[in-house]
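Novice: have a look; sequence and predicted model below, questions after that.
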Amino acid sequence: MRKADARNIPLADESIDLIITSPPYSTSYDYSDIHQLSALLFGFCRSLADFRHDFIGRKGGNEHYMGRALKNSRANEVVQRLSVSDVRLSQAITAYFFDMDLAYKEIRRVLRQNKRACIVIGDTELRRVPIPNTEIAIEQLKRAGLQLERVIERPVVGRVLAPFRSMSDGRFTSSSDPDARKVYSHEYIIIVRKV
């Protein structure tokens, strides 16, 4: 097992035939919290503060992206809508989209000609603002120079992934919560090819 950063993959140009990945669904989960035990167990970090510092999908520490315009109108729309109710969250979403642009460029760089990448991602909702991660990712992948071949939709059922959020506080909850709203009904497999 190796620790690496998807924004700077330690592999040679055009050295990979297939990439299968499931990037963060924007800031829907605090992925550093979810993976902290594994990171400590496998020696990927000495402190959780260091581990969280540069995580894709992190909340906080994203000021260096502020004032920069995203190259995706849908992403900009999401950021604008979130900034009305939660500036910190809009900063985190901005950083997420910039980070994913870098990751998709790296996918293109390491893929060999005519080889494919499969990206599993889902749409979500934060503060009642829909986050069309799939649509935005497709645009980012195309802008990175990858050709869209197919999008496969599949329902989210019986998974560890909690598909419900409480409408009162935005936290993940169970379907039995009377204030629950299902925000992850489907996820998508985006198949792209380097041409």
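Specialist: Cool, got the structure.
Novice: give me the distance between the residue nearest the centre of the chain and Asp179.
Specialist: In the chain, the centroid-proximal residue (C-alpha atoms, centre = their mean) is Pro24; its distance is 3.0 Å. Here Pro24 is placed at a distance of 25 Å from Asp179 (C-beta to C-beta, to the nearest Å). (C-beta placed from N, C-alpha, C; glycine too.)
Novice: with Tyr104 instead?
Specialist: Distance from Tyr104 to Asp179, by C-beta to C-beta: 36 Å.
Novice: the two - which one has more neighbours?
Specialist: Tyr104 (25 against 11; other C-beta atoms under 10 Å).
Novice: packing partners for the longest helix seen in the chain?
Specialist: Identified as the longest helix of the chain according to DSSP state H is helix 87-110. Where contact means 3 or more C-beta pairs under 8 Å, 6 or more residues apart in numbering; DSSP states H and E, helix 87-110 is packed against strand 16-21, helix 73-85, helix 133-143, strand 146-155.
Novice: do that again at 10 Å, thanks
Specialist: strand 16-21, helix 73-85, strand 111-122, strand 124-126, strand 129-131, helix 133-143, strand 146-155, strand 186-194 (3 or more C-beta pairs under 10 Å, 6 or more residues apart in numbering; DSSP states H and E).
Novice: now tabulate the ones you listed in JSON lines and tack on mean pLDDT, distance to Phe164 and mean neighbour count.
Specialist: Converted to JSON lines, the helices and strands packed on helix 87-110 look like this (pLDDT from 0 to 100; distance: least, C-beta to C-beta, whole Å; neighbours: other C-beta atoms under 10 Å):
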{"stretch": "strand 16-21", "mean pLDDT": "97", "distance to Phe164": "25", "mean neighbour count": "13"}
{"stretch": "helix 73-85", "mean pLDDT": "92", "distance to Phe164": "20", "mean neighbour count": "17"}
{"stretch": "strand 111-122", "mean pLDDT": "96", "distance to Phe164": "13", "mean neighbour count": "17"}
{"stretch": "strand 124-126", "mean pLDDT": "82", "distance to Phe164": "11", "mean neighbour count": "19"}
{"stretch": "strand 129-131", "mean pLDDT": "89", "distance to Phe164": "16", "mean neighbour count": "19"}
{"stretch": "helix 133-143", "mean pLDDT": "96", "distance to Phe164": "18", "mean neighbour count": "20"}
{"stretch": "strand 146-155", "mean pLDDT": "96", "distance to Phe164": "14", "mean neighbour count": "13"}
{"stretch": "strand 186-194", "mean pLDDT": "95", "distance to Phe164": "14", "mean neighbour count": "19"}
